[in-house]
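**Student:** Sharing a model that was predicted from the sequence below.
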Amino acid sequence: MATTDFHSHSHLQAPGQELSQTQGQTLIPYSGFRFGFNLGLALLTWFLLFIGAMVTSTNSGLSVPDWPTTFGHNMFLYPLSKMTGGIFYEHGHRLFASLIGFLVTVNAVFVLRFDSRKWLRRVGYLTFFVVVAQGILGGITVRLKLPVEVSSSHAALAELFFGLTAFMAAACSRAWIHHENKSGFNFSSKLFRMASILSAIVFTQIVVGAIMRHSFAGLAIPTFPKAFNGWIPPFWNFGLVFNFTHTRVLPLLITAFAVTVIMHSFKQNQTDMARRWAWVLCFLLPIQIMLGVSVIWLFKAPVPTSFHLFFGAATFITCLQIAWWAGREDGVVSGSTSRHPPKQSEVALGLSSTVIKGSTT
């Protein structure tokens, strides 16, 4: 069974790090501060997606028609008293995105300075470059007056950026480091492969939805569950194809595949964290389906539409979490040199990790 060893050791230690040693070998240290910082960054990014969704849902994308300035003002000096109507959503989105960019920059420096894992440093650099590209892409979207291609790319890249922040949080968690100190990552895990495919399908659904949304085809088929008077539209055009795919075809495919992944995760006794995230997916799927239906029935009301995107992003991250933890935990079982499992475990609520404390004898 193929595994990849991500171990890389260093004596650099940040405040709050716990450094463990076994038989003279220095292990990857856990830092509660670094985990908390990355978890907070992921949660803030998730909220930023909701703000961006509200910008589109309220048609506020061009409420501030210039970039990088705001009506000729320095973006950070624009009077808060003038943030009304669509300006509140669009300018607020820019300010919050700037905060996220600053935090990502700080995190990249911190990872470079204190994290010994070269592969995680690369993820940190990638996250930094993606957030820079995302900011530029958002500016181009405004400057070019919201072209479908650019706006959809901006939306899709935002989801990938969210995935990177969630992965950074998971990789900095105590549970991840506990497992990584025992063995490599198992890319050949069946559950890892299945959940990765599911994640790719969910991301495809997000991209299709972004194209549909930014081409104003969200109500191209204004009825549900039937498409007009039948189950298949009586005619086809660009909007109908993307709408039918997003509201009928891909949801059925995702639901069927998700059920398969969930059932398989429940059978894998060694993938405790993956199984916990599978329970989260059980919770998210019906919510997301109901929100999707409400978007049609409520004629794209801004709040349910934005929550549909919000929980869609959570569904995407949850599928990724199942994949990440399946490979991480399955690697422990297949490649571990430890003869005894941890004796204690404790669970902490968070977007990207469950905390597990263990000891070996």
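**Tutor:** Structure received.

**Student:** you'd agree Ala217 is up against Leu240?
**Tutor:** Yes - using C-beta atoms under 8 Å, Ala217 is in contact with Leu240, at 7.5 Å. Every residue, glycine included, has its C-beta placed from N, CA and C.

**Student:** Report how many residues lie close to Thr315.
**Tutor:** 23 (other C-beta atoms under 10 Å).

**Student:** Am I right that it is in a helix?
**Tutor:** Yes - assessed by DSSP: H, G, I helix; E, B strand; the rest coil, Thr315 belongs to a helix.

**Student:** who's in contact with it?
**Tutor:** Residues in contact with Thr315 (C-beta atoms under 8 Å, 6 or more residues apart in numbering) are Val202, Leu281, Leu284, Leu285, Gln288.

**Student:** my read: Gly72 touches Pro65, true?
**Tutor:** No - contact criterion C-beta under 8 Å: Gly72 and Pro65 do not qualify, at 10.6 Å.

**Student:** With neighbour numbers in mind, choose between the two.
**Tutor:** Neighbour count, other C-beta under 10 Å: between Gly72 and Pro65, Pro65 has more, with 12 against 7.

**Student:** Quick one: classify that one as helix, strand or coil.
**Tutor:** Per three-state DSSP, Pro65 ends up coil.

**Student:** quick one, what contacts it?
**Tutor:** Val142.

**Student:** how about a cut-off of 10 Å?
**Tutor:** Phe71, Glu90, Val142, Arg143, Lys145 (C-beta atoms under 10 Å, 6 or more residues apart in numbering).

**Student:** per-residue pLDDT, it?
**Tutor:** pLDDT for Pro65: 95.

**Student:** what's the distance between it and His154?
**Tutor:** 17 Å (C-beta to C-beta, to the nearest Å).

**Student:** do Val295 as well
**Tutor:** Applying C-beta to C-beta to Val295 and His154 gives a distance of 20 Å.

**Student:** What of Thr127?
**Tutor:** Taken as C-beta to C-beta, the span from Thr127 to His154 is 17 Å.

**Student:** what comes up buried for the one helix or strand Ala278 maps to?
**Tutor:** Assessed by DSSP states H and E, Ala278 sits inside helix 272-297. Within helix 272-297, the residues scored as buried using 16 or more other C-beta atoms under 10 Å are 272-275, 277-278, 280-281, 284-285, 288, 291-296.

**Student:** Over to the nearest residue to Gly135 once chain neighbours are set aside. Which of the three states is it?
**Tutor:** Ranked by C-beta to C-beta, 6 or more residues apart in numbering and with sequence neighbours excluded, the top spatial neighbour of Gly135 is Gly101, at 6.0 Å. Counting by three-state DSSP, the backbone at Gly101 sits in helix.

**Student:** What mean pLDDT does whichever strand or helix holds Phe33 get?
**Tutor:** Take DSSP H and E as the rule and Phe33 turns out to sit in helix 32-57. Helix 32-57 shows a mean pLDDT of 97.

**Student:** can you list contacts of stretch 135-143?
**Tutor:** Applying C-beta under 10 Å, 6+ apart, the set of residues contacting stretch 135-143 is 52, 55, 61-68, 90, 93-94, 97-98, 100-101, 147, 149-158, 214.

**Student:** let's go with 6 Å and repeat that
**Tutor:** Trp67, Gly101, Val150, Ser151, His154 (C-beta atoms under 6 Å, 6 or more residues apart in numbering).

**Student:** if we can go back for a sec, need the buried ones from the contacts of Pro65 selected in PyMOL.
**Tutor:** To isolate the buried members of the contacts of Pro65 in PyMOL, using 16+ other C-beta under 10 Å:
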select buried, resi 90+142
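
**Student:** Restricted to helices, list the contacts of Pro65.
**Tutor:** Glu90, Val142, Arg143 (DSSP state H).
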